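Enquirer: Output the structure for:
(one chain, ligands or ions: 2)
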Amino acid sequence: MIMEKKDRKEFNRRNFLKIVGVGSVTSATTLIGCKPDNRVSVEGGSIGEVPTDRMTYRTNPNTGDVVSLLGYGCMRLPLRQKTDGSGEEVDQETVNELVDYAIEHGVNYFDTAPIYVRGWSEAATGIALKRHPRESFFVATKSSRSNTLESGIAMYHKSMQDLQVDYLDYYLLHSIGSSIEDFHKRFIDNKLLDFLLKEREVGRIRNLGWSFHGIVDVFDYVLAMDVQWDFCQIQLNYQDWKYATGRNVNAEYLYGELVKRNVPAIIMEPLLGGRLARVPQQALNMMNEIHLEDSAAKWAFRYAGTPEHVLTVLSGMVYMEHLQENIRTYSPLEPLNEQEYETLEQVTEILVNSDYIQCTECQYCMPCPYGLDIPGVFAHYNRCVSAGKMLKSSNDENYKNARRDFLVGYDRSIPKLRQADHCIECNECLSRCPQQIRIPEEMSRVDQYAEQLKQRLEF
Ligand code: SF4
Ligand code: SF4
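Expert: Ligands and ions are numbered 1, 2, ... in the order given. Below is the predicted model of the structure:
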């Protein structure tokens with residue numbers, strides 16, 4: 001018999017709650033006092049204290065590491081112009097300030113990679129962390145884009161050198177998933193995995209795992225290998241739970257498989273590249289009916305942190321306000337209840353039926369050889385979708401304001417030479433996008449829309 005829609009929803013909700021273990025969340029939460037030290041206003045968020053000692057922690061069953069539920073993702077760091085005008089550099093003082101604040105407020109997991117922030121992330125993260133006792137943080141980094149044993153080993157040693165550490169707490173085979181052949185080429189045939197397993201044996205790698213973006217066959221294959229994986233990093237958020245797009249697999253499946261094998265999950269993309277922090281007004285209204293003051297980002301972080309096998313949830317926090325709000329959300333975590341989960345199901349229906357370009361702003365497609373700011377163009381477009389400012393026709397009531405907002409915002413956020421009209425459809429970026437976005441086609445779509453507005457054409 002075909003399940004009615006309502007019954008199906010009920011089943012989905014029960015199933016989710018069963019899988020994630022709501023009601024029996026095994027967090028080691030310290031609840032001794034609270035030092036209010038700041039009150040901030042965050043876009044869409046509530047004003048409130050930022051506790052120093054209420055962070056929710058999860059215990060890694062393999063090593064006993066007690067890890068903060070909020071993990072600091074160093075894939076984005078604050079940048080500034082160099083004083084000699086020769087380009088950008090990491091704003092190290094601000095990085096130090098953010099890292100100090102995070103540690104002071106209970107965050108102890110920092111995730112970086114050799115390729116992050118144009119190759120500057122590890123060194124900047126290392127400088128900031130070096131100012132803290134080694135035992136006060138866990139640092140994670142990755143083996144990215146190497147195909148030979150020599151280049152893989154060189155990358156590993158350079159990571160330790162840049163991070164200024166003599167052991168790594170978490171080491172990942174980075175972004176596996178495009179094909180089993182590719183996985184073999186990068187890690188098995190060249191014996192790089194053998195090398196890394198020996199490094200784990202001697203304690204220079206404390207936890208060995210991998211991050212996944214790709215096809216399910218690779219996930220199943222790697223998980224079933226005769227290797228003890230200490231953790232696995234997956235994309236999990238309320239849209240991807242059942243509606244993963246591009247080269248991603250539904251998080252419901254990925255998480256379920258990790259639970260079966262008792263492999264802790266590290267979560268990336270809890271906000272789906274920021275999109276879940278900027279949901280359409282209709283969706284925000286639904287959330288506000290339950291929690292008037294909570295931001296959409298808080299909902300998304302609570303969702304990602306609720307499943308009990310989640311060790312930590314990564315967030316790339318460039319602004320102090322975001323760090324503060326995320327600390328507040330997990331100090332301590334309030335796991336989602338059934339009513340909240342049902343609301344997020346309804347929000348998901350709105351999101352999957354809207355006009356978004358499914359870009360997570362991961363930057364993997366960059367640099368574009370023709371200078372386009374690919375994630376920036378898509379982010380501007382998506383911001384206008386979120387704000388309900390996309391015009392369906394030139395006869396729309398709000399035509400004048402929406403036209404101005406799109407065009408002015410476009411020029412303000414993206415330099416003219418980096419806008420969609422400069423895409424020559426060379427397809428260089430196509431294979432690099434884990435969301436499998438048809439980038440040149442989407443560029444053309446954004447450009448046509450902008451041109452219609454500029455020329456005041458009817459549509
Ligand atoms: S297809 Fe367009 S956006 Fe992609 S690399 Fe080529 S010019 Fe850049
Ligand atoms: S277009 Fe694809 S690769 Fe580029 S930033 Fe967006 S999701 Fe990442």
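Enquirer: Next one: residue 370 from residue 429, what distance?
Expert: Distance check for residue 370 against residue 429: by CB to CB, to the nearest Å, it reads 10 Å. Where you see a C-beta, it was placed from the backbone N, CA and C, and this is true even at glycine.
Enquirer: for residue 216, same thing?
Expert: 24 Å.
Enquirer: Compare the two (neighbour count), which wins?
Expert: Counted by other CB atoms under 10 Å, residue 216 and residue 429 do not tie: residue 429 has more neighbours, with 21 against 15.
Enquirer: My read is that residue 126 contacts residue 165, right?
Expert: Yes. Residue 126 is within contact range of residue 165, at 7.3 Å (criterion: CB atoms under 8 Å).
Enquirer: Looking at the two, which one has more neighbours?
Expert: residue 126 (21 against 18).
Enquirer: ok, the more buried one to ligand 1 distance?
Expert: Counting by CB to the nearest ligand atom, to the nearest Å, the gap from residue 126 to ligand 1 is 32 Å.
Enquirer: secondary structure element for that residue?
Expert: Residue 126 is part of helix 121-130 when elements are defined by DSSP states H and E.
Enquirer: Return the list of helices and strands in contact with that helix.
Expert: helix 92-104, strand 138-143, helix 149-163 (3 or more CB pairs under 8 Å, 6 or more residues apart in numbering; DSSP states H and E).
Enquirer: quick one: buried residues of the last one?
Expert: Residues of helix 149-163 classed as buried: 152-153, 155-156, 159-160, 162-163 (neighbour count, 16 or more other CB atoms under 10 Å).
Enquirer: Mind putting those residues into JSON lines with distance to ligand 1?
Expert: Listed next are these as JSON lines, based on distance: CB to the nearest ligand atom, whole Å:
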{"residue": "152", "distance to ligand 1": "27"}
{"residue": "153", "distance to ligand 1": "31"}
{"residue": "155", "distance to ligand 1": "25"}
{"residue": "156", "distance to ligand 1": "30"}
{"residue": "159", "distance to ligand 1": "28"}
{"residue": "160", "distance to ligand 1": "33"}
{"residue": "162", "distance to ligand 1": "29"}
{"residue": "163", "distance to ligand 1": "31"}
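Enquirer: and of those, the nearest to ligand 2?
Expert: Nearest to ligand 2 among the buried residues of helix 149-163, counting by CB to the nearest ligand atom, is residue 155 at 21.3 Å.
Enquirer: wait, the closest one sits on residue 119?
Expert: No. Residue 155 lies out of contact with residue 119 (CB under 8 Å); the separation is 11.1 Å.
Enquirer: Pull up the per-residue confidence for the residue in the stretch 151-300 of the chain that ligand 1 sits nearest to.
Expert: Using CB to the nearest ligand atom, residue 246 is the residue of the stretch 151-300 of the chain that sits closest to ligand 1, at 15.6 Å. Reported pLDDT at residue 246 in the predicted model: 76.
Enquirer: Contacts for whichever strand or helix holds residue 297, please.
Expert: Element membership of residue 297, judged by DSSP H and E, is helix 296-305. The contact list for helix 296-305 (CB atoms under 8 Å, 6 or more residues apart in numbering) reads 44-45, 56, 69, 236-238, 267, 270-272, 276-279, 283-284, 287, 291, 310, 313, 315, 322, 325-326, 329-330, 333-336, 340, 344, 347.
Enquirer: just for the chain, where's the confidence low?
Expert: Where the chain drops to pLDDT under 70, the residues are 1-47, 458.
Enquirer: give me every residue that touches the residue nearest to the spatial centre of it.
Expert: Geometric centre of the chain, nearest residue: residue 269, 2.4 Å, by CA atoms, centre = their mean. Neighbouring residues of residue 269 by CB under 8 Å, 6+ apart: 235-237, 240, 360, 362.
Enquirer: Which helix or strand contains the residue nearest to residue 363 when sequence neighbours are not counted?
Expert: Nearest residue to residue 363, sequence neighbours excluded (CB to CB, 6 or more residues apart in numbering): residue 375, at 5.9 Å. Per DSSP H and E, residue 375 falls inside helix 374-386.
Enquirer: Quick check: buried residues in whatever helix or strand comes next after that helix?
Expert: Under the assignment DSSP H and E, the closest C-terminal helix or strand after helix 374-386 is helix 399-413. Buried residues in helix 399-413, counted by 16+ other CB under 10 Å: 402-403, 405-406, 409-410.
Enquirer: And what about residue 209, helix, strand or coil?
Expert: Secondary structure assignment for residue 209 (DSSP: H, G, I helix; E, B strand; the rest coil): strand.
Enquirer: For burial, what's the neighbour tally of it?
Expert: Counted with other CB under 10 Å, residue 209 comes out at 24.
Enquirer: So what does the nearest residue in space to it that is not next to it in sequence look like in phi/psi?
Expert: Leaving aside its sequence neighbours, residue 209 sits nearest to residue 231 (CB to CB, 6+ apart; 4.0 Å). Backbone torsions of residue 231, given as degrees, to the nearest 10, read phi -170, psi 170.
Enquirer: Spit out the contact partners of the closest residue to residue 377 other than its chain neighbours.
Expert: Spatial nearest neighbour of residue 377, chain neighbours left out: residue 420 (5.1 Å); criterion: CB to CB, 6+ apart. Contacts for residue 420 (CB under 8 Å, 6+ apart) come out as 372, 377, 443-444, 446-447, 450.
Enquirer: CA-only coordinates of stretch 83-95 in PDB, if you can.
Expert: Taking C-alpha atoms only, stretch 83-95 is exported to PDB below (Å, rounded to 0.1, in the frame of the first residue of the first chain):
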ATOM      1  CA  THR A  83      50.700  47.500   3.200                       C
ATOM      2  CA  ASP A  84      52.800  47.700   0.100                       C
ATOM      3  CA  GLY A  85      49.700  47.200  -2.100                       C
ATOM      4  CA  SER A  86      51.000  43.900  -3.600                       C
ATOM      5  CA  GLY A  87      47.900  41.900  -2.900                       C
ATOM      6  CA  GLU A  88      46.200  40.200   0.100                       C
ATOM      7  CA  GLU A  89      47.600  38.300   3.100                       C
ATOM      8  CA  VAL A  90      46.100  36.600   6.100                       C
ATOM      9  CA  ASP A  91      45.200  39.000   8.900                       C
ATOM     10  CA  GLN A  92      47.200  37.100  11.500                       C
ATOM     11  CA  GLU A  93      46.300  39.400  14.400                       C
ATOM     12  CA  THR A  94      42.600  38.800  13.800                       C
ATOM     13  CA  VAL A  95      43.100  35.000  13.400                       C
END
